[in-house]
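Participant: coordinates only, sequence not included:
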Ligand SMILES: Cc1cc2nc3c(=O)[nH]c(=O)nc-3n(C[C@H](O)[C@H](O)[C@H](O)COP(=O)(O)OP(=O)(O)OC[C@H]3O[C@@H](n4cnc5c(N)ncnc54)[C@H](O)[C@@H]3O)c2cc1C
C-alpha cells in the first residue's frame, strides 16, 4: 500500500513514520519550498503528544529541543491567585509536557522522518485529487502528479483536502482573539522554572515561562471582536504591537510590562482560529487528520499533540484493516469523541479570556472553583495521560 501525505507540518511526518512502522510506504508533499518551519512562536507538546511520538521512537529529538513545563499557575489582573493546573501528572515519570519553539518541533519531526528514509517533497502544493477507482491521483500547482492507494490530508487549518472530500465543509471560525508571543532575558521573574504563569488581565490574557537558558518566553491573547483581515496583525509590526501591549497590560499586576518592554523579539502570530466540528473526515480513499480535521485553538495546548496522536492511530487502523473504508471508519470512531471534547474545552477557556468587565468579575470569582475541579481532575488526566497501545488490535467501527 502506498500513501500520499499532503502537508509536512507536524501530522504529516508523524503519520509517515507511523505508517512506515506499520509497513506502509508514504511520501509527504509539502507546499512550502523551504519546509514549514520558521512559522509561529512556541507551543506546548503535551505528555500525550510525547507519548505518541514515543510509540514510533521519535520523541527524543522533540523533547531535547524544549524544556519541561508540567504546571500552570493562574492569577487575576490584581495578582490574586486563581488556581493551578497540572499538564502532567506526578505519576507520569519522564513523560512531562514540554514547551518548545514551534519551528523546532517542525524541524525535529521532519528530520526524524528524513533520517528514516521517508521522502518529503517540498514546493508541492496540492490543488486537486481524484479517486480513480483503484487508486488516487494527486495534482500539484507545479503541474506534477502523484499516484497512491490513499491520500491523507495533513494540510492544516486551511486544508485543501478537506474541501476536496466535502465541498460544503465548514471554514475555520475566528475565536475572537489575536495571538502574539516574544522572548526576553535579563528580567528577574519570581517563578519556578518549568511552570507557566498566566494572568487573566483587565484587557488581555498574558502567559510566561522561564526557560533553562534564563530567557523568559511569553505570549499574549488580545481580544478583538471583528476578525482582522489576512495579514493585518502581522503588518502592524513588532514595535507597534509592543506599544499596544504595553498599554493593554499597563493596569495589571505581574511583570508583563517589563517583559514586553525588554523583549528582543516580538512575534505577532495572528488571529486565533479553531475548527470545532468537521462533519466529514473521509470519503473513498481520502481522509483528513490533524488541524485539517479538528483544529483546537492554541489555548488548548493540544494542537500539535493531537496531530501526532492522529498519525499514529491512523497507521494502526490501516495496519489492522486492509479495506481502506473500514480503516477510516475505525479511525473516526477512535478519534472523534476525544478530539472534539478537547476542542470544546479550549473554546470555553477562550470566552473567559475575552470576557468584558462584568463577565470578568464573575470569572475571577468562579475560576478558583472551576480550576479546583479541572486541575488534576479526570479531564486533565484524559487529555494529558492518554496512551496509545501500538500493539493492541483496532476493532472495526461498531
Ligand atoms: C500561534 C500558534 C500557537 C500554537 N500553540 C500551540 C500550543 O501551545 N500547543 C499545541 O499543541 N499546538 C499549538 N498550536 C497549534 C499547532 O501548531 C497545530 O495544531 C499543529 O501544527 C497542527 O499540525 P498539522 O500538521 O495538522 O498542521 P500544520 O502544522 O499547520 O501543517 C500543515 C502543513 O500543510 C502544508 N500545506 C497546507 N496546504 C497545503 C497544500 N495544499 N499542499 C501541500 N501542503 C500544504 C502547510 O504548509 C503546513 O506545512 C499553535 C498554533 C499557532 C498558530
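Facilitator: Sure, I can see it. On a predicted model such as this, the values are computed, not experimentally measured, just so you know.

Participant: what ranges of the chain fall below the confidence cut-off?
Facilitator: 35-40, 89-93, 349-355, 357, 372-377 (pLDDT under 70).

Participant: what does this structure have sitting close to the ligand?
Facilitator: 6-12, 29-32, 36, 40-41, 43-44, 102, 124-126, 154-156, 160, 179, 269, 290-292, 295, 298, 301-305, 307 (CB under 6 Å from any ligand atom). (Glycine included, C-beta is placed from N, CA and C.)

Participant: Give me the number of neighbouring residues for residue 337.
Facilitator: Counted with other CB atoms under 10 Å, the neighbours of residue 337 add up to 10.

Participant: quick one: it is in a helix?
Facilitator: Yes: checked against DSSP: H, G, I helix; E, B strand; the rest coil, residue 337 lies within a helix.

Participant: any idea how far it lies from the ligand?
Facilitator: 19 Å (CB to the nearest ligand atom, to the nearest Å).

Participant: And residue 18, by the same measure?
Facilitator: Residue 18 is 13 Å from the ligand, by CB to the nearest ligand atom.

Participant: Among the residues of the chain next to the ligand, the buried ones, what's the ChimeraX command?
Facilitator: To isolate the buried members of these in ChimeraX, using 16 or more other CB atoms under 10 Å:
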select :6,7,8,9,10,11,12,29,30,31,32,36,40,41,43,44,102,124,126,154,155,156,160,179,269,290,291,292,295,298,301,302,303,304,305,307
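
Participant: In helices, which of the residues of the chain next to the ligand fall?
Facilitator: Those of the residues of the chain next to the ligand mapping onto helices are 11, 12, 102, 160, 291, 292, 303, 304, 305, 307, per DSSP state H.

Participant: want to throw the residues you listed into TSV with distance to residue 134?
Facilitator: Output for those, formatted as TSV (distance: CB to CB, whole Å):
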residue	distance to residue 134
11	26
12	24
102	39
160	23
291	30
292	25
303	35
304	35
305	36
307	30
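
Participant: which of these sit farthest apart?
Facilitator: For these, the farthest-apart pair by CB to CB is 160 and 305; their separation is 23.8 Å.

Participant: Identify, from the ones in helices among the residues of the chain next to the ligand, the entry nearest to residue 347.
Facilitator: For those, the residue nearest residue 347 by CB to CB is residue 303; the value is 13.2 Å.

Participant: Packing partners of the one helix or strand residue 217 maps to?
Facilitator: Assessed by DSSP states H and E, residue 217 sits inside strand 216-223. On a contact count with 3 or more CB pairs under 8 Å, 6 or more residues apart in numbering; DSSP states H and E, strand 216-223 meets strand 173-184, strand 205-210, helix 237-249, helix 256-261, helix 324-353.

Participant: Return the residues in contact with residue 29.
Facilitator: Shown in contact with residue 29 (CB atoms under 8 Å, 6 or more residues apart in numbering): 4, 5, 6, 7, 8, 121, 124, 126, 138, 140, 146.

Participant: separation between it and residue 328?
Facilitator: 20 Å (CB to CB, to the nearest Å).

Participant: Kindly report the same for residue 219.
Facilitator: From residue 219 over to residue 328 (counting by CB to CB), the distance is 36 Å.

Participant: Pick out whichever of these two has more residues nearby.
Facilitator: Remark: of residue 219 and residue 328, residue 328 carries more neighbours, 24 against 21, as counted by other CB under 10 Å.

Participant: List the contacts of the residue nearest the centre of the chain.
Facilitator: By CA atoms, centre = their mean, the mean C-alpha position of the chain lies nearest to residue 303, the distance being 2.0 Å. Residue 303 makes contacts with 43, 291, 295, 296, as judged by CB under 8 Å, 6+ apart.

Participant: Let's verify residue 62: helix, strand, or coil?
Facilitator: Assigned by three-state DSSP, the conformation of residue 62 is helix.

Participant: That one: neighbouring residues, count only.
Facilitator: Using other CB under 10 Å: residue 62 sits among 25 other residues.

Participant: number of nearby residues for the residue nearest to it when sequence neighbours are not counted?
Facilitator: Distances taken as CB to CB, 6 or more residues apart in numbering put residue 108 closest to residue 62, at 4.4 Å, once the chain neighbours are dropped. Other residues near residue 108 number 25, with proximity taken as other CB under 10 Å.
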